[in-house]
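> build me a model:
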Amino acid sequence: MAYDIIGDIHGCYDELIQLIEKLGYRADGTVYRHPEGRQLAFVGDATDRGPASLAVLRLLFNLQDAGSLFYSPGNHCSKLYRYLRGNGVQLTHGLETTVNEFHQLSTEEQIAFRKRYKQFYESLPPYLELEPNLIVAHAGIKENMIGMPLSGKIWAFVLYGDTTGTFLPDGRPVRRDWAASYSGSSFIVYGHTPTAEPYIKNNTVNIDTGCVFGGKLSAFRYPEKTVVSVPSQQSYQPDRFHSFV
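A predicted model of the protein is given here:
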């Protein structure tokens with residue numbers, strides 16, 4: 001199977017549609033299909049910060065209903081799920097933008113959306129095994145975690161990455177470059193940490209090119225191992241891009 005694995009969308013719906021069409025997919029009712037049978041896959045974090053998170057989610061819901069959703073949930077997906085369950089989460093780091101969209105819905109629409117998102121999230125695996133040697137995990141995954149019984153430690157890693165326990169001034173956790181020491185045979189596609197260009201290291205690629213921060217939205221094409229991107233329509237925020245050195 002051939003895949004087009006899209007990086008963190010964060011509510012950038014217009015860029016998502018542009019990228020999907022640039023990849024050769026065409027609308028078929030409420031979903032997009034490729035004439036050569038390629039499949040879309042996603043590294044997670046569809047929502048928050050950007051202007052149209054609910055529109056992105058509705059597209060993903062449609063793909064799920066059509067039986068063609070390949071989606072690895074991210075930390076923002078988890079936080080929205082906890083919010084919609086009524087848990088006490090802080091409306092920070094972009095969740096407030098999605099919640100604002102949600103509250104613009106009618107009461108009936110909110111009830112339906114809450115139910116549909118819970119169904120969506122609860123059906124997602126912690127990470128995707130698209131092929132025997134192709135893994136998609138939102139923030140990455142270590143070789144010794146692949147195929148192991150799911151634990152809190154594995155969930156935390158795939159959602160948040162290899163965190164140090166310390167934090168940046170804006171509250172974001174400091175993360176280690178886990179890919180620098182990766183030596184597994186499986187090719188890992190991940191996102192979570194925005195970089196100006198895809199970060200390719202040791203049989204891994206970080207495909208989050210910071211669309212919501214004014215970078216671009218990118219897709220990693222497999223098995224070709226090439227990248228296709230579209231420019232962002234959002235304001236450029238250079239301080240939000242990480243440089244691995």
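> all helices of this structure, in order?
Using DSSP state H, the helices found in the chain span residues 13-22, 53-65, 75-84, 95-103, 107-122, 152-160.
> most tightly packed of the ones you listed?
helix 75-84 (a mean of 21; mean count of other CB atoms under 10 Å). The C-beta positions use only the backbone N, C-alpha and C, and glycine is treated the same way.
> now for this protein, the helix or strand with the poorest mean pLDDT.
When the helices and strands of the chain are scored by mean pLDDT, DSSP states H and E, strand 173-175 comes last with a mean of 77.
> low-confidence ranges in the protein?
Applying pLDDT under 70 to the chain flags the ranges 245.
> tell me the centre residue of it?
By CA atoms, centre = their mean, the chain has its centre lying nearest to residue 44, at 1.9 Å.
> quick one, what contacts that one?
Counting by CB atoms under 8 Å, 6 or more residues apart in numbering, residue 44 touches 8, 71-74, 76-77, 138, 191-192.
> name the nearest residue to it, sequence neighbours excluded.
Computed as CB to CB, 6 or more residues apart in numbering, the closest residue to residue 44 that is not its neighbour in sequence is residue 74, at 3.0 Å.
> counting neighbours, what do you get for the one you found?
Residue 74 has 29 neighbouring residues, counting by other CB atoms under 10 Å.
> who's in contact with it?
8, 43-45, 138-139, 159, 191-192.
> do the same with residue 30
Neighbouring residues of residue 30 by CB under 8 Å, 6+ apart: 59, 62, 65-66.
> nearest to residue 168, of these?
Set against residue 168, the nearest of the contacts of residue 30 by CB to CB is residue 59 (31.7 Å).
> between the two ends of stretch 188-204, how far is it?
End-to-end distance for stretch 188-204, by CA to CA, to the nearest Å: 5 Å.
> list the buried ones in that stretch?
Neighbour-count burial for stretch 188-204, counted by 16 or more other CB atoms under 10 Å, picks out 188-195, 198-199, 204.
> can you map out the strands along this structure?
Assigned by DSSP state E, the strands in the chain fall at 3-6, 26-28, 31-33, 39-42, 128-131, 134-136, 163-167, 173-175, 187-190, 199-201, 204-206, 216-222, 226-231.
> closest one to residue 150 among those?
Going by CB to CB, the one of these nearest residue 150 is strand 128-131, 13.0 Å.
> the closest one: which residues count as buried?
By neighbour count on 16+ other CB under 10 Å, the buried set for strand 128-131 is 128, 130.
> okay, now the sheet partners of that strand, with direction.
strand 134-136 (antiparallel) (DSSP bridges).
> what's the closest of the helices of the chain to residue 236?
Short answer: helix 13-22, nearest of these by CB to CB, at 13.7 Å.
> next one: the closest one to chain centre, how far?
15 Å (CA atoms, centre = their mean, to the nearest Å).
> can you name every helix or strand that it contacts?
strand 3-6, helix 53-65, strand 216-222, strand 226-231 (3 or more CB pairs under 8 Å, 6 or more residues apart in numbering; DSSP states H and E).
> from the chain's centroid, how far away is the second one?
In terms of CA atoms, centre = their mean, the centre of helix 53-65 is found 13 Å from the chain centre.
> same question, the shortest one
Using CA atoms, centre = their mean, we find the averaged C-alpha position of strand 3-6 to lie 11 Å away from the chain's own average C-alpha position.
> quick one: contacts of it?
With CB under 8 Å, 6+ apart, strand 3-6 has contacts from 16, 19-20, 23, 25, 34, 38-43, 70, 130, 134, 136, 189, 207, 217-222, 228.
> recalculate using a threshold of 6 Å.
Residues lying outside strand 3-6 but in contact with it, judged by CB atoms under 6 Å, 6 or more residues apart in numbering, are 23, 38-42, 130, 136, 189, 219-222.
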